[in-house]
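Trainee: using only what follows, build the 3D model:
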Amino acid sequence: MRPADSIEKMVRKTGCDAPEEMRRRLWSDIAGQLHQAQTTTERRGETRVWRILMNSKIARLAVAAVVVLAALAVGVERLTRTKPSQVQAFSAQIRTDMALDLDPAAALPLRTAQPGDFDVTWSSEDGGALQILSGSSLRILACPLIEPQWDSVISWAYSHLTELQESTASRVAATKRQPFAIVLTSEGNLAVIDIAGHRETHAWLRWRIEEAVTPGYGPIKTLTLQVVDPQGSVTENGAVDLDTGRILSIPADVLSMPAVEMLSWLEQNGIDAVARKTEEGWGLVGVGLVFWTWSPGSWAGTSAVDLREEMAASSFQPRRPLLYQEDSYQFAFPFKTREGGIGMLQILTIDATEQTVQFRWRMVADDTASIIETTTEDDLESQRLALSVKKLKHFGLMAWIYAQEHDWKYPDTIHELKDYAAQCDQDFQWILENVGYVGAGRVGDDPPETLIAYDKTLLATGKGTYGVFRDGHAEFIEPSRLSQYGLSAATIDTEEQRLAESEDRLMRFAIVLMRYAQRHHKTQPDTLSELPDTLSELKEYVEECGQDYQWLVDNVAYLGKDTQMGGDPSVPVAYDKTLAARGKGTYVLYSDPCAAFLGPKELKKRGIFDPTADVKP
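Mentor: This is a model prediction of the structure:
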């Protein structure tokens with residue numbers, strides 16, 4: 001039995017880290033018994049556990065040189081890291097007559113500081129500001145995020161390393177809402193600094209030291225595991241150590257062990273996941289594995305920086321398997337192993353006959369040597385899914401801006417957003433070809449979960465699609481949930497076919513009108529011939545051109561009376577009355593001739609069709 005989604009989201013939001021004993025209880029609740037736990041430090045929310053480990057030398061500035069004056073307590077924060085090493089975090093007070101060495105070596109006992117070691121001092125200018133030492137090769141940059149959490153700032157810092165390296169700023173004046181700065185230290189480290197409780201003459205600093213190398217992904221690995229039958233004999237190649245890629249077999253005597261002993265054996269052998277078929281379906285079962293379930297586009301759309309910072313503070317172990325989704329795009333599973341390794345996993349396929357599960361994964365690498373410049377160019381499906389969620393988020397923003405400027409009413413048709421697409425530097429042609437718009441009639445007070453638009457190209461595959469909602473968030477809609485939003489591949493195909501048919505029929509009708517005008521122009525060569533008063537007068541021309549006259553009678557409203565073909569290109573000569581009656585807009589044929597789609601508001605504004613006044617067919 002898995003926790004309710006609301007509970008799971010709450011745990012994720014608060015960042016609650018359960019100790020080892022609690023994690024084992026959760027795991028053993030399924031297995032049946034409790035295993036003896038080791039005591040570990042518990043970290044809850046944004047509360048930081050600071051341990052006083054050692055003293056660092058703080059220096060006083062003089063005219064000619066820097067002189068060491070006093071020693072201040074330096075706290076080291078123990079946080080979960082993406083690899084087995086500790087996160088190095090410190091705190092110290094800084095004053096206008098002091099300089100501070102931010103690098104970890106400054107915390108070593110009995111170390112003699114050198115003038116070139118120091119990184120920052122405190123300036124009384126601007127009411128108090130953090131300042132790098134003049135004439136140094138250090139760099140400093142203010143973080144613009146408003147009241148951010150540590151993980152957000154570190155993610156921002158890594159994504160702005162180039163900007164930091166090129167910065168010409170010499171100091172940062174922090175505010176209560178924007179308290180962070182980043183510094184490239186004398187030893188080439190990245191220092192992320194929280195400037196707290198500052199005054200004109202002093203401030204308290206808390207900072208973390210990171211490697212000044214942007215994390216990246218290691219190589220993509222693909223494996224096929226044999227499904228483990230707990231009641232069967234030894235299963236070859238049924239388990240994996242995700243940190244090393246090592247495949248393991250589970251002996252029969254282990255499968256028959258009591259739950260506590262079996263868990264201990266799995267952990268001692270470094271196993272992170274086991275291939276299983278459960279009541280919920282085929283997939284992998286984690287062993288002490290922290291993971292989340294993200295939408296399919298996350299595989300190609302998540303940077304290593306974002307993944308590392310998202311998972312670094314997570315320790316929640318879901319009580320469910322990592323499942324394969326039948327007839328659907330596959331979810332991505334960001335994970336963290338017991339050793340602290342972070343990566344992304346996606347199940348590719350299952351073979352019911354061979355009883356196997358195939359999946360791929362890649363790990364976040366912090367060191368330059370391990371980072372592989374991988375791309376998704378050969379993985380067009382993942383690339384398309386990542387593009388979809390990105391484009392739909394932008395579309396949701398465009399629609400929201402439109403609503404904000406129109407009394408919080410969303411546009412009647414997608415065509416009314418053309419100018420907004422240009423303003424937001426979005427490809428409107430891509431939108432026309434791929435976005436299904438259902439926001440007509442929606443208002444700003446509608447529930448946040450109200451669907452505004454979806455990716456109709458993905459929907460046509462029958463494997464689910466992305467949708468963007470009234471509150472601006474984009475979400476993957478699995479095939480099993482499409483009916484909740486009135487979506488189906490068959491529905492969208494029919495609608496698209498009807499729109500395409502309308503445009504095609506009207507353009508072919510233009511050929512009929514041109515032929516009529518040409519023949520009557522011969523009898524009146526000095527003028528452009530006017531079109532006939534009624535559609536019935538065109539019947540012989542329609543049949544002569546091999547077109548369906550009855551379709552025109554049933555679906556076309558003729559406006560050609562007293563109109564000259566080839567005259568003013570803004571004058572309409574016909575429109576699809578069947579589409580217009582639906583209230584979502586229609587195609588209009590002009591005298592130049594060309595066909596264009598107009599929304600309900602534009603139809604009314606131009607006097608072509610008013611659904612509140614005209615009689616619907």
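Trainee: what's around the residue lying closest to residue 397 once chain neighbours are set aside, how many residues?
Mentor: Sequence neighbours aside, residue 472 is the residue nearest to residue 397 in space, at 6.3 Å (criterion: C-beta to C-beta, 6 or more residues apart in numbering). For every residue, glycine as well, the C-beta is placed using N, CA and C. Counted by other C-beta atoms under 10 Å, the residues lying close to residue 472 total 15.
Trainee: how about residue 472, secondary structure?
Mentor: What DSSP: H, G, I helix; E, B strand; the rest coil gives for residue 472 is coil.
Trainee: where does pLDDT dip in the stretch 201-350 of the chain?
Mentor: By pLDDT under 70, the low-scoring segments of the stretch 201-350 of the chain are 232-235.
Trainee: I figured residue 332 hits residue 291, correct?
Mentor: No - applying C-beta atoms under 8 Å, one finds residue 332 not in contact with residue 291, separated by 10.0 Å.
Trainee: any idea what residue 91 is bridged to?
Mentor: When assigned by DSSP bridges, residue 91 has beta-bridge partners residue 206.
Trainee: now swap in residue 282 and tell me
Mentor: Under DSSP bridges, the beta-bridge partners of residue 282 are residue 277.
Trainee: how far away is it from residue 321?
Mentor: Residue 282 sits 9 Å away from residue 321 when distances are taken as C-beta to C-beta, to the nearest Å.
Trainee: shared neighbours of these two, anything?
Mentor: Jointly contacting residue 282 and residue 321 under the rule C-beta atoms under 8 Å, 6 or more residues apart in numbering are residue 276.
Trainee: before we move on, the earlier item: list the contacts for the residue nearest to residue 397?
Mentor: Residue 472 sits in contact with 393, 396-397, 400, where contact means C-beta under 8 Å, 6+ apart.
Trainee: drop anything exposed from the residues you listed.
Mentor: Among the contacts of residue 472, the ones that count as buried by 16 or more other C-beta atoms under 10 Å are 396, 400.
Trainee: adding secondary structure and pLDDT, write the contacts of residue 472 out as JSON lines.
Mentor: Listed next are these as JSON lines, based on DSSP: H, G, I helix; E, B strand; the rest coil; pLDDT from 0 to 100:
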{"residue": "393", "secondary structure": "helix", "pLDDT": "95"}
{"residue": "396", "secondary structure": "helix", "pLDDT": "95"}
{"residue": "397", "secondary structure": "helix", "pLDDT": "94"}
{"residue": "400", "secondary structure": "helix", "pLDDT": "94"}
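Trainee: determine which two of the contacts of residue 472 are furthest apart.
Mentor: 393 and 400 (10.7 Å; C-beta to C-beta).
Trainee: after the top helix by length along the chain, next one along is what?
Mentor: In the chain, taking DSSP state H as the definition, the longest helix is helix 489-523. For helix 489-523, the following helix or strand on the C-terminal side (DSSP states H and E) is helix 539-544.
Trainee: can you pull out the strands in the stretch 351-500 of the chain?
Mentor: Using DSSP state E, counting those that start in this stretch, the strands assigned to the stretch 351-500 of the chain run over residues 356-365, 435-437, 451-455, 465-469, 474-477.
Trainee: okay, those strands in JSON lines with mean neighbour count next?
Mentor: Putting the strands of the stretch 351-500 of the chain into JSON lines (neighbours: other C-beta atoms under 10 Å) gives the following:
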{"stretch": "strand 356-365", "mean neighbour count": "22"}
{"stretch": "strand 435-437", "mean neighbour count": "21"}
{"stretch": "strand 451-455", "mean neighbour count": "25"}
{"stretch": "strand 465-469", "mean neighbour count": "26"}
{"stretch": "strand 474-477", "mean neighbour count": "20"}
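Trainee: tell me, what's the model's pLDDT at the closest residue to residue 535 other than its chain neighbours?
Mentor: Leaving aside its chain neighbours, residue 535 sits nearest to residue 558 (4.2 Å; criterion: C-beta to C-beta, 6+ apart). Listed pLDDT for residue 558 reads 94.
Trainee: from residue 583, how far out is residue 558?
Mentor: According to C-beta to C-beta, residue 558 stands 21 Å off from residue 583.
Trainee: of these two, who's got more company?
Mentor: Taking neighbours as other C-beta under 10 Å, residue 558 and residue 583 compare with residue 558 leading, 23 against 14.
Trainee: quick check: bridge partners of that one?
Mentor: Bridge pairing for residue 558 - DSSP bridges - gives residue 574.
Trainee: surely it meets residue 534?
Mentor: Yes - if you go by C-beta under 8 Å, residue 558 and residue 534 touch, sitting 6.9 Å apart.
Trainee: so what sits against both of those two?
Mentor: Counting by C-beta under 8 Å, 6+ apart, no residue touches both residue 558 and residue 534.
Trainee: the nearest residue in space to residue 249 that is not next to it in sequence sits in which helix or strand?
Mentor: Counting by C-beta to C-beta, 6+ apart, residue 236 is the residue found nearest to residue 249 once chain neighbours are left out, at 4.8 Å. Residue 236 belongs to strand 235-241 when elements are defined using DSSP H and E.
Trainee: distance from that strand to the middle of the chain?
Mentor: Distance of strand 235-241 from the chain centroid (C-alpha atoms, centre = their mean, to the nearest Å) equals 32 Å.
Trainee: what's the answer for stretch 222-235, then?
Mentor: Its chain's C-alpha centre and that of stretch 222-235 lie 34 Å apart, by C-alpha atoms, centre = their mean.
Trainee: who's in contact with residue 602?
Mentor: Residues counted as contacts of residue 602 (C-beta under 8 Å, 6+ apart) are 415-416, 585.
Trainee: what ranges does the stretch 51-200 of the chain have for its helices?
Mentor: 150-159, 161-165 (DSSP state H, counting those that start in this stretch).
Trainee: now residue 226, which residues is it bridged with?
Mentor: Beta-bridge partners, per DSSP bridges, of residue 226: residue 356.
Trainee: which ones are touching it?
Mentor: Neighbours of residue 226 in contact, by C-beta under 8 Å, 6+ apart: 235-238, 275, 355-356.
Trainee: against residue 281, how distant is it?
Mentor: Where residue 281 is concerned, residue 226 sits at a distance of 17 Å (C-beta to C-beta).
Trainee: likewise for residue 607?
Mentor: According to C-beta to C-beta, residue 607 stands 58 Å off from residue 281.
Trainee: shaky segments in the stretch 501-617 of the chain?
Mentor: By pLDDT under 70, the weakly predicted segments of the stretch 501-617 of the chain are 521-529, 611-617.
Trainee: excluding sequence neighbours, find me the nearest residue to residue 118.
Mentor: residue 99 is the one closest to residue 118 (C-beta to C-beta, 6+ apart), at 3.9 Å.
Trainee: hang on, the one you found packs against residue 121?
Mentor: Yes - the pair residue 99 / residue 121 is scored as a contact, 4.7 Å apart, by C-beta under 8 Å.
Trainee: from the chain's centre, how far out does stretch 345-358 sit?
Mentor: 26 Å.
Trainee: contacts for that stretch, please.
Mentor: Everything outside stretch 345-358 that qualifies as a contact, by C-beta under 8 Å, 6+ apart, is 222-227, 242, 275, 277, 282-284, 291, 296, 299, 322-324, 330-335, 359-361.
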